Every structure is written in structure tokens, then in C-alpha cells.
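turn this into a model:
(chains A and B)
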Amino acid sequence: MEMVPIRDGFILAGALFALGLIGVLVRRNVIFILMSIEVMLNAAGLAFVVAGARWDQPDGQVVFLFILAMAAAEVSVGLALVLELYHQYRSLDTDAISRMRG
Amino acid sequence: MTIVFYVAGAVAIVSTALMITRLHAVHALLYLIVSLLAVSVVFYTLGAPFVAALEVIIYAGAIMVLFVFVVMLLNLGEQAARAERALMKPSMWIGPLILAAILMAELVYLLAASSGGNSGRAPIGPREVGASLFGPYLIGVELASMLLLGGLVGAYRLGYRKIPRPEVG
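Numbering: from 1, shown residues only, chains lettered A, B, ... in the order given. Predicted coordinates for the structure are as follows:
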């Protein structure tokens, strides 16, 4: 029952963040982009919790709670925008909305 | 405890990689939920049981339900019926099922192991987190509540449709 090394926790958080970034850059569907953003936020929170566990402080978990609240607000507004987008363009492709008129 | 961490981390990376390569949104959602559950197990092995529970309840519960609702709203008609038939094929859910079964085995192992002795690191429970949250970080809680209110108002405004009211009399 030895402790998890902090380096491996950060490697896991970095790998998850990189996968989310790849998803944002590669996919063209708005739903997939939002899901990849969720993965990236989750990875950032994981890094905070790893650091908090390393120094035995609750601050990392507190910051994770803030990230959780921010992700909830972001998803609610983002999904409402997705519904509006589909209502107007009948498509979820980001290339379809590349030209916006202000 | 460390072997549980590594297996859960591997499950998280594999399911996230499968998530960003799926073509159907529902397949990707299943893998994303498995990924979040795996990260929750990672939190538990790091000695953060409160955050692990919140990850399951809020992320894998509430936020993913929002995604499922939107995906359901956007797929209506004959296309949805075909997707429903495709849902029943085993090739769709066998991958998430295997990954979730690995997490379930880890959960059983952790429950069996924790009854015997103490884990390596003393966990930081909800008491310490709550004392810190409503002590030095109180202004952050207020800001988060204002952010959530802004999200609520924004989502309501964006989803608002003017429904014509039937004439009375």
C-alpha cells in the first residue's frame, strides 16, 4: 500500500488533456467539440486534485469544485447554443457556420 | 492501491481515445461516461473520496444527461429509429461494457481491501473540503453561484421560443 507517485498522476492528467485538445482540433461536430472540452476541464481538475493529494491539503479539491461549477454553466449555455444552431442551419458542422454576419 | 490507480488511468485514456474517434454521438457519450467513471476511481485512489462521489453524481450524472437529452432532441424521425436499432447491436455496447466491468472489478477489490486495513494515504474527506470551501474560499463560492445564475439565465434566453397564445373568447 504505497502512495501513487505524483509524476504519474500528472502524466495521466496531461495525456487526458492532450486527447481532449486533439478532439477539439480534429472533430468538426459541435457536440464532439463540447465533449472534448469536458475532457480537458476534467483533466485540469485531475491535475489540481493530484497536487492537493501530494501536499495533503484540501485546496486542490476546492478548485476542482469550482471547475465543476464552471463546467456545468458552460455546458448549459453551450448546449442551448447547439440547439439554436441546429434550429437555424439544420447542421452541426462547424464549417457550415464559418461565415457569420454580425 | 497503486495498481488500481494505473488500471483506472489506462481505462480513462483508452476510453477517451475511443471517444474522440467515434462517428456516432451516442457511442462517444458512452465512452465519455466510462472515462469520467475511471477518473472518479483515480480520485478515490488519490485520497479524495468526496470529489470522487461528486464526479460520478454531477459529471457522469447531471452533465452527461444534458448531453444525452440534446443528442436525443437532434435525432428525430426515421433516422432516430435506425439509430435505435443500431443501439441494440452488441458491437455498440460491448466496448464500454468491458471497460466498465474493469472499473467494477476495481471497486469490488477496493471494498474488499479497505475492510481489512487502512490505505496508504489518509484521505481528505468532505469535512476538510467544506471547512476550506466556506472559509478562505468563500468569495469563490459566491462567484461560482453568480456564474451558475448567469448560465441559467443565458440557457433560458437561448432556449426561449415565442409560442403563439391561443385567442380567448
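
low-confidence ranges, chain A, go.
A:1-2, A:100-102 (pLDDT under 70).

confidence-wise, which helix or strand of chain B is lowest on average?
Sorted by mean pLDDT, DSSP states H and E, the helices and strands of chain B end with helix B:78-87, the least confident at a mean of 65.

which elements pack onto the lengthiest helix in chain B?
Ranked by residue count under DSSP state H, the longest helix found in chain B is helix B:90-116. Contacting helix B:90-116 under the criterion 3 or more C-beta pairs under 8 Å, 6 or more residues apart in numbering or on different chains; DSSP states H and E are the following elements: helix B:2-19, helix B:25-45. C-betas here are computed from N, CA, C, even on glycine.

centre of the chain to it, how far?
Between the centre of helix B:90-116 and the centre of its host chain there is 16 Å, according to C-alpha atoms, centre = their mean, to the nearest Å.

and stretch A:38-57, by the same measure?
13 Å.

so which helix or strand takes in the closest residue to chain B within chain A?
With C-beta to the nearest C-beta, the shortest gap between chain A and chain B falls at A:Ala73, namely 3.1 Å. Here A:Ala73 sits within helix A:59-89, counting by DSSP states H and E.

elements contacting that helix?
Using 3+ C-beta pairs under 8 Å, 6+ apart, helix A:59-89 sits against helix A:30-54, helix B:49-54, helix B:64-74, helix B:126-133, helix B:138-158.

single out the most deeply packed of these.
Highest mean neighbour count of these: helix A:30-54, a mean of 22 (counted as mean count of other C-beta atoms under 10 Å in any protein chain shown).

packing partners for it?
helix A:6-26, helix A:59-89, helix B:2-19, helix B:25-45, helix B:64-74.

which one of those lies nearest to B:Gly154?
helix A:59-89 (4.6 Å; C-beta to C-beta).

just how off-centre is the closest one within its chain?
9 Å.

reformat the helices and strands packed on helix A:30-54 as JSON lines; add distance to B:Val141.
Listed next are the helices and strands packed on helix A:30-54 as JSON lines, based on distance: least, C-beta to C-beta, whole Å:
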{"stretch": "helix A:6-26", "distance to B:Val141": "24"}
{"stretch": "helix A:59-89", "distance to B:Val141": "8"}
{"stretch": "helix B:2-19", "distance to B:Val141": "29"}
{"stretch": "helix B:25-45", "distance to B:Val141": "21"}
{"stretch": "helix B:64-74", "distance to B:Val141": "23"}
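
out of those helices, nearest to A:Ala47?
The nearest among these, by C-beta to C-beta, is helix A:6-26 at 4.0 Å.

tell me what that closest one is packed against?
helix A:30-54, helix B:2-19, helix B:25-45.

pull the last one out as PDB, backbone CA atoms only.
The C-alpha trace of helix B:25-45 is given here as PDB (Å, rounded to 0.1, in the frame of the first residue of the first chain):
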ATOM      1  CA  ALA B  25     -22.600  10.900 -30.800                       C
ATOM      2  CA  VAL B  26     -24.300   8.200 -28.600                       C
ATOM      3  CA  HIS B  27     -21.300   5.900 -28.900                       C
ATOM      4  CA  ALA B  28     -19.000   8.700 -27.900                       C
ATOM      5  CA  LEU B  29     -21.200   9.600 -25.000                       C
ATOM      6  CA  LEU B  30     -21.000   6.000 -23.600                       C
ATOM      7  CA  TYR B  31     -17.200   6.100 -23.800                       C
ATOM      8  CA  LEU B  32     -17.100   9.600 -22.200                       C
ATOM      9  CA  ILE B  33     -19.200   8.400 -19.300                       C
ATOM     10  CA  VAL B  34     -16.800   5.400 -18.800                       C
ATOM     11  CA  SER B  35     -13.900   7.800 -18.900                       C
ATOM     12  CA  LEU B  36     -15.400  10.000 -16.200                       C
ATOM     13  CA  LEU B  37     -16.100   7.000 -14.000                       C
ATOM     14  CA  ALA B  38     -12.500   5.900 -14.400                       C
ATOM     15  CA  VAL B  39     -11.200   9.400 -13.400                       C
ATOM     16  CA  SER B  40     -13.500   9.100 -10.400                       C
ATOM     17  CA  VAL B  41     -11.700   5.800  -9.400                       C
ATOM     18  CA  VAL B  42      -8.400   7.700  -9.800                       C
ATOM     19  CA  PHE B  43      -9.700  10.400  -7.400                       C
ATOM     20  CA  TYR B  44     -10.600   7.700  -4.900                       C
ATOM     21  CA  THR B  45      -7.100   6.200  -5.100                       C
END
